[in-house]
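J.: Here is a sequence together with a model predicted from it:
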Amino acid sequence: MALIGEVFVADILGKTVLDPRGEEIGRVRDIAVEAGARFPRAVGLSLEKKKAERYLPWDDLTIFNRRIISSRKTEGELLENGGEKDLLFIVRDILDKQIVDINGAKVVRVNDVKLTEEGGAVYVTDVDVGMRGILRRLGIEHRGNAFFETIRHPLRHQLISWQFLQPLEHKLDRLTLSVSREAVSDLHPADLAQIMSDLPPEERQEFFQKLDTETAAEALHELEPEIQADLITEMDKEQAADIIEQMPPDEAADVIADLPTEKAQELLQLMEKEEAEDIHELLHHEDDTAGGLMTNEYLAWPPHLTVGEAQERFKAEAQEIEHVYYIYVVEGEKLVGVVGLRDLLIEEREKALSDVMHTKLKTARPEMGQEQVAEIISKYNLLALPVVDEGNFLLGVVTVDDVVDILLPPASRRKRRRR
């Protein structure tokens with residue numbers, strides 16, 4: 001059985017199924033899937049010919065794709081739909097169903113279903129909840145998409161992965177998200193962002209506004225810049241300021257930079273003075289430079305501090321910083337050395353940081369391009385790279401997390417932030 005590329009159910013409904021001689025044995029009426037599986041597996045086709053319904057087991061298919069569907073059985077060998085009561089069908093049981101959270105709040109409707117081949121079997125992997133799914137079912141997806149492109153609003157796929165839905169059950173009247181809105185804080189921010197990205201704008205806004213401040217801040221960073229701007233612009237300004245305040249300065253600066261100037265200034269004025277100043281400082285740098293990538297949250301202490309004193313400070317101060325890989329040693333705010341966390345743990349507590357620090361440092365200037373920054377981090381196996389000015393004053397730190405997209409192969413990269 002061959003499945004070529006992605007296949008949406010709407011593309012194959014009504015499609016002719018051929019026998020080994022090339023003769024029609026029926027047209028696709030529905031697709032049967034097994035209930036209870038994490039990703040429902042396709043097990044057969046419901047066919048219709050001259051108002052007679054037949055069932056074709058999936059194992060009897062030889063080709064299945066958008067262009068050709070063929071079977072090793074002839075029309076006379078097909079089964080009647082006698083086992084229909086024991087199976088679930090995509091058109092009958094999934095299409096047009098509402099997706100709701102486990103508390104019963106309606107989220108969105110299923111407009112189409114995506115099938116994907118894996119290990120020789122075909123599974124339901126995504127549901128389409130967007131306009132493209134509706135146009136596809138009407139048979140005008142390409143024309144509709146062309147129209148929206150002419151008005152500069154190209155349609156994107158709005159898919160929700162089946163991994164976020166509860167397993168199918170018999171007598172299904174709706175689909176259910178596998179986590180409630182109250183439980184989404186347990187999801188990884190990237191997974192939460194995927195769910196939000198797949199929702200229509202009005203549902204996404206409602207969903208986002210009901211998240212607690214910390215969860216909203218973590219998820220916001222994972223979203224595309226356009227979605228970030230829409231969410232922040234449409235919500236209450238005090239709530240928006242609280243969320244941005246929860247983000248690390250470099251991530252907050254990314255969000256602020258994509259907002260209209262008036263909105264950005266309004267939010268900065270509502271934030272705590274120290275947080276607003278940190279963000280404002282980062283906004284002066286171009287996005288694709290070390291200054292644009294760096295964060296000004298880091299640990300920097302004087303050289304006379306002992307290892308024991310540094311350990312105690314670390315416990316108190318590191319909690320407020322997202323990523324800590326090194327302790328930077330500064331004298332009058334000038335960078336003079338760096339201490340790794342391993343050294344901080346194994347060196348004698350009485351030693352001064354000046355006695356254990358490394359002084360052969362790799363640094364970047366704020367105007368250095370992001371590709372060069374990534375090359376330095378990769379070449380020297382660094383977890384973070386300090387950014388200094390011409391006087392060697394420490395301005396910020398670029399962590400490996402900030403350049404991972406640049407280091408990855410093109411196909412694996414996340415979309416970069418734009419300003």
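T.: Yes, it's here.

J.: helices or strands next to the longest strand anywhere in the chain in the packing?
T.: As assigned by DSSP state E, the longest strand anywhere in the chain is strand 24-33. Judged by 3 or more C-beta pairs under 8 Å, 6 or more residues apart in numbering; DSSP states H and E, strand 24-33 is in contact with strand 16-18, strand 42-49, strand 52-57, strand 88-89, helix 90-93. All C-beta spots, glycine's among them, are computed from the backbone N, C-alpha and C.

J.: just checking, what packs against the first one?
T.: Translated: strand 16-18. Packing partners of strand 16-18 (3+ C-beta pairs under 8 Å, 6+ apart): strand 24-33, strand 69-71.

J.: Among those strands, which comes closest to Val107?
T.: Proximity to Val107 (C-beta to C-beta) singles out strand 24-33 among the helices and strands packed on strand 16-18, at 21.6 Å.

J.: Can you pull out the residues in contact with the closest one?
T.: Strand 24-33 has contacts (C-beta atoms under 8 Å, 6 or more residues apart in numbering) with 9, 12-19, 40-49, 53-56, 58, 69, 71, 73-75, 78, 84, 87-92, 115, 124, 168.

J.: Just the buried ones out of those, please.
T.: The neighbour-count test (16 or more other C-beta atoms under 10 Å) marks 9, 12-13, 17-19, 40, 42-47, 49, 54-56, 58, 69, 71, 73, 75, 78, 84, 87-92, 115, 124, 168 as buried among the contacts of strand 24-33.

J.: what about the stretch 1-150 of the chain, any weak spots by pLDDT?
T.: By pLDDT under 70, the low-scoring segments of the stretch 1-150 of the chain are 1-2, 4-5, 81-86, 102-106, 147-150.

J.: thinking again about what came up before, okay, the helices and strands packed on strand 24-33 in TSV with distance to Gln311 next?
T.: Shown next, in TSV, are the helices and strands packed on strand 24-33 (distance: least, C-beta to C-beta, whole Å):
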stretch	distance to Gln311
strand 16-18	71
strand 42-49	58
strand 52-57	66
strand 88-89	59
helix 90-93	59
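
J.: which stretch among those comes nearest Leu177?
T.: helix 90-93 (17.1 Å).

J.: starting at the chain centroid, how far to that closest one?
T.: Relative to the centre of its chain, helix 90-93 is centred 28 Å away, using C-alpha atoms, centre = their mean, to the nearest Å.

J.: Show me the contact partners of that helix.
T.: Contacts for helix 90-93 (C-beta under 8 Å, 6+ apart): Val9, Leu13, Arg29, Asp30, Ile31, Val33, Val113, Val124, Leu168, Leu172.

J.: which of those lies closest to Glu317?
T.: Val124 (48.8 Å).

J.: Now do the same contact list for the closest one.
T.: By C-beta under 8 Å, 6+ apart, the contact set of Val124 is Val33, Phe39, Pro40, Arg41, Ala42, Ile90, Ile94, Val113, Lys114, Leu115, Trp162.

J.: repeat that with 7 Å
T.: By C-beta atoms under 7 Å, 6 or more residues apart in numbering, the contact set of Val124 is Val33, Phe39, Pro40, Val113, Leu115, Trp162.

J.: Hmm, the third one is touching Glu34, no?
T.: Yes. Counting by C-beta atoms under 7 Å, Pro40 does reach Glu34; the two are 6.2 Å apart.

J.: What residues sit buried inside the helix or strand hosting Leu268?
T.: Secondary structure assignment for Leu268, by DSSP states H and E: helix 261-270. Neighbour-count burial for helix 261-270, counted by 16+ other C-beta under 10 Å, picks out Ala264, Leu267, Leu268, Leu270.

J.: could those residues be laid out in CSV, adding distance to Leu385?
T.: Formatted as CSV, the buried residues of helix 261-270 follow (distance: C-beta to C-beta, whole Å):
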residue, distance to Leu385
Ala264, 28
Leu267, 29
Leu268, 27
Leu270, 33
